[in-house]
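S.K.: Show me how the following folds:
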Amino acid sequence: QAELAESGGGVVETEGSLRLSCVASSRIISGYTMAWFRQAPGKEREFVAARRTWGSPFYANLAEGRFTAIRDTTKSTLYLQMERLKPDDTAVYYCAAASSSLTASTIGTQSVYPYWGQGTQVTVGE
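M.R.: Residues are numbered from 1 along each chain as shown. Here you go, the predicted model:
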């Protein structure tokens, strides 16, 4: 069972930057797909970005050009570097993991991820 722990959230001004981290505790994490989702107040949780252990990252439209998903397999860690943050980015950001390399058609689907962290709050002020 993979255990995931997010950190790095906080309060930042518009156009500011934050770097989120997700550390996976399972020793078999090297084969996992890891992803970031977020849930804003009053809205459904949505896909942000994902990385397999190989290949390029996947991004939702909301993340393109501003967010970068970086995976360090030696540390079992997935980072989300967020730039030019906007108030609409205010949300709880969740890390998720699946025990295989997901396909491009499913990598952004919440239901295929059985492992979730507790989330970290990101608040972007006006």
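S.K.: Now do the SS call for Ala63.
M.R.: coil (DSSP: H, G, I helix; E, B strand; the rest coil).
S.K.: OK, contacts around it?
M.R.: Ala63 sits next to Val48, Ala49 when contact means Cβ atoms under 8 Å, 6 or more residues apart in numbering. For the C-beta atoms, the positions are set from N, CA and C on the backbone; glycine is no exception.
S.K.: now swap in Glu15 and tell me
M.R.: Per Cβ under 8 Å, 6+ apart, neighbours of Glu15: Arg84, Leu85, Lys86.
S.K.: Would you check how far apart it and Arg84 are?
M.R.: Glu15 is 6 Å from Arg84, where distance means Cβ to Cβ, to the nearest Å.
S.K.: Gly55 now?
M.R.: 25 Å.
S.K.: do Val92 as well
M.R.: On the measure of Cβ to Cβ, Val92 and Arg84 end up 20 Å apart.
S.K.: For these two, indicate the residue with more neighbours.
M.R.: Neighbour count, other Cβ atoms under 10 Å: between Val92 and Arg84, Val92 has more, with 18 against 12.
S.K.: Find the residue closest to the more buried one in space, skipping its chain neighbours.
M.R.: Gly119 (4.2 Å; Cβ to Cβ, 6 or more residues apart in numbering).
S.K.: Surely the one you found and Arg45 touch.
M.R.: No - contact criterion Cβ atoms under 8 Å: Gly119 and Arg45 do not qualify, at 9.6 Å.
S.K.: Can you name the element that comes right after the host helix or strand of Tyr94?
M.R.: Under the criterion of DSSP states H and E, Tyr94 resides in strand 91-98. Counting by DSSP H and E, the next helix or strand C-terminal to strand 91-98 is strand 115-116.
S.K.: strands paired with that following strand, and their directions?
M.R.: The strands that strand 115-116 pairs with in its sheet are strand 91-98 (antiparallel) (by DSSP bridges).
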